[in-house]
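Chemist: Predicted coordinates and the sequence they were generated for:
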Amino acid sequence: MKWVLKEMSSLKRIIPIVITIVVCVYLFVYAVMTLKGMSLSEPLGIKLFMLSIGAISIGVMFAMVIALFRRLREIKEEEDDDISKY
C-alpha cells in the first residue's frame with residue numbers, strides 16, 4: 001500500500017513539471033517565431049504589435065514556472081500533512 005501512495009506522490013510532482021515544460025517550449029518557439037518574423041521594412045505599428053506578442057509569451061512562460069514552484073511546494077505540504085495524520 002505504501003508503494004502505491006509513493007507512486008501517486010511522484011506522479012503528482014511529475015505531471016505538473018511535464019505540462020510546464022511542454023507549454024514553456026511551445027511559448028518559447030512561438031515567441032521566437034514571432035520575433036524572427038519581424039522585418040525591417042514593416043511599419044512601426046506592426047513591429048510593436050509583434051514585439052508585444054513575443055514579450056507576453058515570455059511573461060506567460062515565467063508565470064508558468066512560478067506557478068509550478070508554488071504547486072510543488074503545495075504538494076510537499078500536503079504530503080507532510082498526510083504523514084502527520086498517522
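Modeler: Perfect, I can see it now.
Chemist: C-alpha only now, for contacts and for neighbours.
Modeler: Will do.
Chemist: Please tell me the pLDDT value assigned to residue 59.
Modeler: If you check residue 59, the pLDDT there is 95.
Chemist: Now do it against residue 66, distance only.
Modeler: Counting by Cα to Cα, to the nearest Å, the gap from residue 59 to residue 66 is 11 Å.
Chemist: Find the residue ranges of this structure scoring beneath the pLDDT cut-off.
Modeler: Low-confidence segments of the chain, defined by pLDDT under 70, are located at 1-9, 80-86.
Chemist: just checking, what packs against the helix or strand containing residue 11?
Modeler: Here residue 11 sits within helix 2-36, counting by DSSP states H and E. Applying 3 or more Cα pairs under 8 Å, 6 or more residues apart in numbering; DSSP states H and E, we find helix 2-36 packed against helix 44-85.
Chemist: The helix it packs on to helix 2-36, inter-axis angle?
Modeler: Orientation check (axes from the mean of the first three to the mean of the last three Cα atoms, to 10 degrees): helix 44-85 against helix 2-36 gives 170 degrees.
Chemist: From the chain's centroid, how far away is helix 44-85?
Modeler: 5 Å (Cα atoms, centre = their mean, to the nearest Å).
Chemist: Enumerate the positions of the helix holding residue 11 that are buried.
Modeler: The neighbour-count criterion (16 or more other Cα atoms under 10 Å) identifies 13, 16-17, 20-21, 24, 27-28, 30-31, 34-35 as the buried residues of helix 2-36.
Chemist: what does stretch 36-46 give?
Modeler: Buried residues in stretch 36-46, counting neighbours by 16+ other Cα under 10 Å, are absent.
Chemist: End to end on that stretch, go ahead and measure it.
Modeler: Taking Cα to Cα, the first and last residues of stretch 36-46 lie 13 Å apart.
Chemist: Need the residues that contact that stretch.
Modeler: Residues external to stretch 36-46 that are found in contact with it (Cα atoms under 8 Å, 6 or more residues apart in numbering): 47, 50.
Chemist: ok now that stretch, how far from the chain's centre?
Modeler: So, by Cα atoms, centre = their mean, the centroid of stretch 36-46 is 29 Å from its chain's centroid.
Chemist: next one: stretch 30-41
Modeler: 22 Å.
Chemist: With stretch 21-34 instead?
Modeler: Mean C-alpha position of stretch 21-34 versus that of the full chain (Cα atoms, centre = their mean) differs by 10 Å.
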